[in-house]
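# here you go, sequence then predicted model.
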Amino acid sequence: MSSEATIHSSQKLSKSGLRLAGIVVTVILVAVVVIGLITRATQASSLKTWTQEQAVPTVSVVVPEPGKTGSVLDLPGQLQAYTRAPIYAQVSGYLKEWKTDIGAPVKAGQLLGEIFTPELDQQLQQARADLASTKANADLAGVTAKRWQAMLGSDSVAQQDVDQRTADYTAKLAQMKAAQANVDRLEAAKAFARIVAPFDGVVTARDTDVGALINAGGGTGPELFVVSDIHKLRVYVQVPQRYGPSIRPGSNAVLMVPEYPGREFHAQVAATSNAVNTTSGTTLVQLQVDNADSQLMPGAFAHVRFNLPVDTTALRVPASSLIFDNAGLRVATVGEGDKVAFKKVNILFDYGKTVEIGSGLSAGDRVIDSPPDGIKDGDAVKIATDDATAKPHEKA
């Protein structure tokens with residue numbers, strides 16, 4: 001009896017242990033499932049939050065600032081002699097000789113060449129003979145008029161006869177003066193057979209030679225010589241209309257020419273045309289540059305650099321902030337609520353790393369530097385810095 005009771009009691013204990021173990025296992029399984037579900041829900045929520053955060057682009061912003069120095073205006077210019085005189089023939093003939101060639105320095109009145117004028121010489125001889133004839137006739141008429149005037153007192157001649165002799169003398173005297181004027185004219189023309197320099201300078205052209213037929217051109221024929229004063233040079237530059245008011249007489253400029261790389265010549269604005277060319281939209285500016293050593297040559301091309309005054313209304317931003325698409329030239333700014341706001345701008349000057357904006361921006365705007373691709377107006381963005389206002393950008 002005792003062994004059967006013991007066996008029965010052991011069977012009861014085994015069933016109770018199994019039931020307890022089953023309960024424990026079930027609780028553990030339920031706990032594992034609950035923990036797994038909670039972990040997955042937490043991860044999904046974190047992933048959603050991370051995805052939403054990644055969907056908002058992070059941008060860096062800069063604040064546009066006025067430039068500390070004015071822009072530099074580099075324009076092409078043309079050098080010209082301070083004074084240039086093309087010399088034409090005023091009498092016809094043949095070139096007898098020339099005394100100076102190109103590049104020769106000359107003084108005012110120095111002989112450049114001489115024209116042989118046989119036809120003019122004959123005309124002058126005839127004019128002098130005519131003068132001698134009219135002078136003799138005038139002298140005779142004068143003596144006759146005096147005699148008749150003396151006889152009028154003795155009542156031996158009529159007053160009308162005396163008046164006729166006096167009038168004849170006046171006419172002959174006028175003829176003599178006309179003949180004298182003709183001689184003077186031809187002598188003045190003969191003086192132009194000597195071609196002389198009008199001022200101190202350099203012979204920059206000689207377009208004739210010994211024996212060449214010379215026709216009095218009056219400015220329409222070919223130039224015989226060109227004399228230029230190059231101790232100073234004039235520089236002519238076409239300045240865009242916008243910069244015209246900034247370049248006034250007395251302003252300084254730097255001149256550079258290809259034949260002297262790296263060397264600068266200092267010029268000064270002498271005058272402006274005070275008018276805008278309707279074709280090119282530019283204003284003609286004249287500068288002067290000293291050329292005492294004759295290193296610069298008239299007719300040469302030059303680069304002229306103007307240092308313009310600071311434009312306080314213009315703002316500078318990095319060139320990387322510009323967006324150029326089918327909507328035109330724009331910049332992206334961060335507006336209220338950290339939303340993107342595009343603004344159209346125009347460039348005044350390009351400095352390479354930075355650009356000068358003429359209109360479209362305000363000093364307090366927050367400009368996005370290197371805006372992400374695909375950014376649109378009204379998109380939300382996150383500023384990369386903790387400070388809502390970025391530091392001013394570095395100047396170029």
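Cool, the structure landed.
# what's the distance between residue 295 and residue 265?
Using C-beta to C-beta, to the nearest Å, we find residue 295 at a distance of 8 Å from residue 265. From N, CA and C alone the C-beta is placed, and that goes for glycine too.
# low-scoring stretches of this protein, by residue?
Filtered on pLDDT under 70, the chain yields the residue ranges 1-18, 41-55, 69-70, 155-156, 217-221, 311-312, 385-396.
# just the buried residues of stretch 286-297, please?
The neighbour-count criterion (16 or more other C-beta atoms under 10 Å) identifies 286, 287, 289, 291, 296 as the buried residues of stretch 286-297.
# bridged to the nearest residue to the last one once chain neighbours are set aside, which residues?
What it means is residue 296. Nearest non-adjacent residue to residue 296, counting by C-beta to C-beta, 6 or more residues apart in numbering: residue 233, 5.6 Å away. The bridge-partner assignment for residue 233, based on DSSP bridges, gives residue 81, residue 289.
# how does this structure divide into domains?
With domains defined by automatic domain parsing, the chain comprises 1-55, 58-70+312-383, 78-196, 236-307.
# would TSV of these with distance to residue 227 be doable?
Shown next, in TSV, are these (distance: least, C-beta to C-beta, whole Å):
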stretch	distance to residue 227
domain 1-55	79
domain 58-70+312-383	41
domain 78-196	5
domain 236-307	12
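# what helix or strand does residue 179 sit in?
helix 159-191 (DSSP states H and E).
# now that helix, how far from the chain's geometric center?
When distances are taken as C-alpha atoms, centre = their mean, to the nearest Å, helix 159-191 is centred 62 Å away from the chain's centroid.
# other SSEs contacting that helix?
helix 118-151 (3 or more C-beta pairs under 8 Å, 6 or more residues apart in numbering; DSSP states H and E).
# mind listing what's buried in the helix it packs on?
Residues 120, 123-124, 127-128, 130-131, 134-135, 137-138, 141-142, 145, 148 are the ones in helix 118-151 that count as buried (16+ other C-beta under 10 Å).
# which other helices and strands contact it?
Helix 118-151 sits against strand 93-98, helix 159-191, with contacts defined as 3+ C-beta pairs under 8 Å, 6+ apart.
# what's the next secondary structure element after the shortest one?
Beyond strand 93-98 in the direction of the C-terminus, DSSP H and E gives the next helix or strand as strand 105-106.
# tally of neighbours for residue 236?
15 (other C-beta atoms under 10 Å).
# just the element for the residue lying closest to it once chain neighbours are set aside, please.
In space, and not counting its chain neighbours, residue 236 is closest to residue 78: 5.1 Å by C-beta to C-beta, 6+ apart. Element membership of residue 78, judged by DSSP H and E, is strand 72-87.
# re the thing from before, quick check: angle from the helix holding residue 179 to helix 118-151?
In terms of direction (axes from the mean of the first three to the mean of the last three C-alpha atoms, to 10 degrees), helix 159-191 departs from helix 118-151 by 160 degrees.
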